[in-house]
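K.L.:
Have a look; sequence and predicted model below, questions after that.
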Amino acid sequence: MVFVYTGKGRRQAQREDAPPEQKHCAKQACAIQWCLAKRDHKEELCQNFIREWEDCRDKAVRAAEATKKSKMDEVLNGEGHR
């Protein structure tokens, strides 16, 4: 799993080529980190946060694939060269 830390400390801008789940699911990833920190890193106590992140990740990946496919269809159908 990829997590993005957005707490105190040195902050960095998100990379343009970051995977879709990192771009769109940072809030859920931070919630997992918070939960694990509060519950002595016992993963079984944070399953609801993990499921939320997995759902977000799946949606982000599907959306990115659909966007990529529609762009490819435009190019193949000649719509990308105007």
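P.N.:
Nice, I can see it.
K.L.:
Taking the centroid of this protein, which residue is nearest it?
P.N.:
E21 (1.7 Å; C-alpha atoms, centre = their mean).
K.L.:
so how many other residues sit close to C56?
P.N.:
Using other C-beta atoms under 10 Å, C56 has 18 neighbouring residues. (Each C-beta comes from the backbone N, C-alpha and C, glycine too.)
K.L.:
what's the worst-scoring helix or strand of the chain on mean pLDDT in contact with?
P.N.:
The weakest-scoring helix or strand in the chain, judged by mean pLDDT, DSSP states H and E, is helix 20-24 (a mean of 81). With contacts defined as C-beta atoms under 8 Å, 6 or more residues apart in numbering, helix 20-24 is touched by 2, 4, 14, 29, 56-57, 59-61, 63-64.
K.L.:
Return a PyMOL selection command for the buried portion of these.
P.N.:
Buried residues among the contacts of helix 20-24 (16 or more other C-beta atoms under 10 Å), as a PyMOL selection:
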select buried, resi 4+29+56+57+60
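K.L.:
returning to what we had before: next helix or strand past the least confident helix or strand of the chain?
P.N.:
Going down the chain from helix 20-24, the next helix or strand is helix 26-38, by DSSP states H and E.
K.L.:
mind listing what's buried in that next one?
P.N.:
26, 28-33, 35-36.
K.L.:
CA atoms of it as PDB?
P.N.:
Provided in PDB are the C-alpha atoms of helix 26-38 (Å, rounded to 0.1, in the frame of the first residue of the first chain):
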ATOM      1  CA  ALA A  26      -4.400  10.800   0.600                       C
ATOM      2  CA  LYS A  27      -7.200  11.600   3.100                       C
ATOM      3  CA  GLN A  28      -7.900   7.900   3.600                       C
ATOM      4  CA  ALA A  29      -4.200   7.000   3.800                       C
ATOM      5  CA  CYS A  30      -3.700   9.600   6.500                       C
ATOM      6  CA  ALA A  31      -6.700   8.200   8.400                       C
ATOM      7  CA  ILE A  32      -5.100   4.700   8.400                       C
ATOM      8  CA  GLN A  33      -1.800   6.200   9.700                       C
ATOM      9  CA  TRP A  34      -3.700   8.100  12.400                       C
ATOM     10  CA  CYS A  35      -5.600   4.900  13.400                       C
ATOM     11  CA  LEU A  36      -2.600   2.700  13.500                       C
ATOM     12  CA  ALA A  37      -0.700   5.300  15.600                       C
ATOM     13  CA  LYS A  38      -3.600   5.600  18.100                       C
END
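K.L.:
Many thanks, I have nothing further to ask.
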